[in-house]
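Engineer: Only the shape, not the letters, is given here:
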């Protein structure tokens, strides 16, 4: 595993135009990819179906139905010539990849995007390739609840995100109730019921240029109480079973750009939970960049602009290159209610053994209705220190002096 340096090709012409397709605003885009694009000398055009949300983005914004590849292609074709078409959104990777391919630009294979996003297709492809077999059933709208699924099982939307409507069930009654409840909230959507993968949870973070696939490192994931699957803490940790995960990514064709893969180390070995064909979120992307000391967002955009990944002389990558221990701690509401006290934004203000950042996601006066998803996050704290013990101590001290209060 190696660090990489960025060397953009000379594509010719006076303009390096990056089209960024987006849905709702995210910190990864606002504080990561947009500054990175400027640092690379790009002129930026944001294509979005909600342009009113990007008035302060400091970039050109065009209204576009970004869920339709034909609309993206049409807008780009009648605007400035593109150097890259990129998205960090879970929901529009296929459309963005198709648009990039139309203009013969570097990008992801749209088939890999579709297979990764669709959890039923992921299971099917990994089984066909002989990588792993996880017992799984796809439920189309109106399909009866099957009576032969392995229990305990996890019920989830086929193309869901943020742990929304993901639940562990232990018997046939709980299964039927979960399917009925999720269908009531998501009419017309397909579901997946699959065997529960019991074991420590990990992530593998990769970056590829279509030829070389680099392992950046990984996190150990701590969940909140079952039967829900809310990620509460991620700790930078060497990823076990990385070779298995890389084999899965090769089978899926997910070897271009950033990829965030979640997996469990079961008694039978590593098993994929899901492949998110974009960079890790919830501020773990910023944490990873700081830990590795690399311009992560620039490197991700670089491969979409045609740069090749090359090892830096003498540099060792992956978790071994990390500058100490890093943790991202999600502060989760424990009850429904109204936020009556909240800490503000915090950034490191000077030298010290542990650096702490806090990003509030809610504000005083906000109403919280527990959903048992990532939408229950109040704020995110990330910390980097020389070791796990010093980080844990600093996080505990921060929580004691800067509590969130929901009443």
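Structural biologist: Cool, got the structure. Fair warning: this is a prediction, and the values are worked out from it, not measured in the lab. Numbering: from 1, shown residues only.
Engineer: For residue 356, which non-adjacent residue is closest in space?
Structural biologist: residue 383 (4.9 Å; C-beta to C-beta, 6 or more residues apart in numbering). For the C-beta atoms, the positions are set from N, CA and C on the backbone; glycine is no exception.
Engineer: Ignore what I typed, I meant residue 258.
Structural biologist: residue 279 is the one closest to residue 258 (C-beta to C-beta, 6+ apart), at 3.9 Å.
Engineer: Dig out what residue 138 forms beta bridges with.
Structural biologist: As for beta bridges, residue 138 partners with residue 192 under DSSP bridges.
Engineer: which residues touch it?
Structural biologist: By C-beta atoms under 8 Å, 6 or more residues apart in numbering, the contact list for residue 138 reads 120, 158, 190, 191, 192.
Engineer: pretty sure the residue nearest to residue 356 belongs to a strand, no?
Structural biologist: Yes - under DSSP: H, G, I helix; E, B strand; the rest coil, residue 383 falls within a strand.
Engineer: Distance of it relative to residue 72?
Structural biologist: 39 Å (C-beta to C-beta, to the nearest Å).
Engineer: For the residue positioned nearest the centre of the chain, which residues are in contact?
Structural biologist: Nearest to the mean C-alpha position of the chain, counting by C-alpha atoms, centre = their mean, stands residue 280 at 3.4 Å. Applying C-beta under 8 Å, 6+ apart to residue 280 gives the contacts 203, 205, 219, 258, 260, 288.
Engineer: Equivalent analysis for residue 208, please.
Structural biologist: Residue 208 neighbours (C-beta under 8 Å, 6+ apart): 214, 254, 255, 256, 257, 259, 303, 309.
Engineer: neighbours around the third one, how many?
Structural biologist: What it means is residue 255. For residue 255, the count of nearby residues is 20 (other C-beta atoms under 10 Å).
Engineer: My guess is it contacts residue 246. True?
Structural biologist: No - Residue 255 sits out of contact with residue 246 when judged by C-beta atoms under 8 Å, with a separation of 9.3 Å.
Engineer: Sort out which residues of stretch 35-53 are buried, please.
Structural biologist: Neighbour counts over stretch 35-53 (16 or more other C-beta atoms under 10 Å) mark 36, 37, 40, 42, 43, 44, 45, 46, 47, 48, 49 as buried.
Engineer: and the last one, what pLDDT?
Structural biologist: Taken from the predicted model, the pLDDT recorded for residue 49 is 97.
Engineer: Next: the first one.
Structural biologist: Per-residue confidence at residue 36 stands at 98 (pLDDT).
Engineer: Also the third one?
Structural biologist: The predicted local confidence for residue 40 comes out at a pLDDT of 97.
Engineer: what does the fifth one give?
Structural biologist: At residue 43 the predicted local confidence, pLDDT, stands at 97.
Engineer: picking that back up, now the residue nearest to residue 258. Its backbone dihedrals?
Structural biologist: Main-chain torsions, residue 279, degrees, to the nearest 10: phi -70, psi 150.
Engineer: again, but for the one 4 residues further on
Structural biologist: Listed backbone geometry of residue 283 is phi 70, psi 0, with angles given as degrees, to the nearest 10.
Engineer: which ones are touching it?
Structural biologist: 27, 328, 357, 359, 380, 382.
Engineer: Filter the residues you listed down to the ones in strands?
Structural biologist: Among the contacts of residue 283, the members found in strands (DSSP state E) are 328, 357, 359, 380, 382.
Engineer: The fourth one contacts residue 281, correct?
Structural biologist: It refers to residue 380. No - with contacts counted by C-beta under 8 Å, residue 380 stays clear of residue 281, the gap being 9.9 Å.
Engineer: three-state assignment of residue 174?
Structural biologist: From three-state DSSP, the assignment for residue 174 is helix.
Engineer: How many residues are close by it?
Structural biologist: 17.
Engineer: again, but for residue 65
Structural biologist: By the criterion of other C-beta under 10 Å, residue 65 has 15 neighbours.
Engineer: Surely it is in a helix?
Structural biologist: No - counting by three-state DSSP, residue 65 falls outside a helix, being coil.
Engineer: isn't it right up against residue 50?
Structural biologist: No - Residue 65 lies out of contact with residue 50 (C-beta under 8 Å); the separation is 10.9 Å.
Engineer: The residue nearest to residue 136 when sequence neighbours are not counted: helix or strand, and which one exactly?
Structural biologist: In this structure, residue 136 finds its nearest non-sequential neighbour in residue 194, 3.8 Å apart by C-beta to C-beta, 6+ apart. Assigned by DSSP states H and E, residue 194 falls within strand 191-195.
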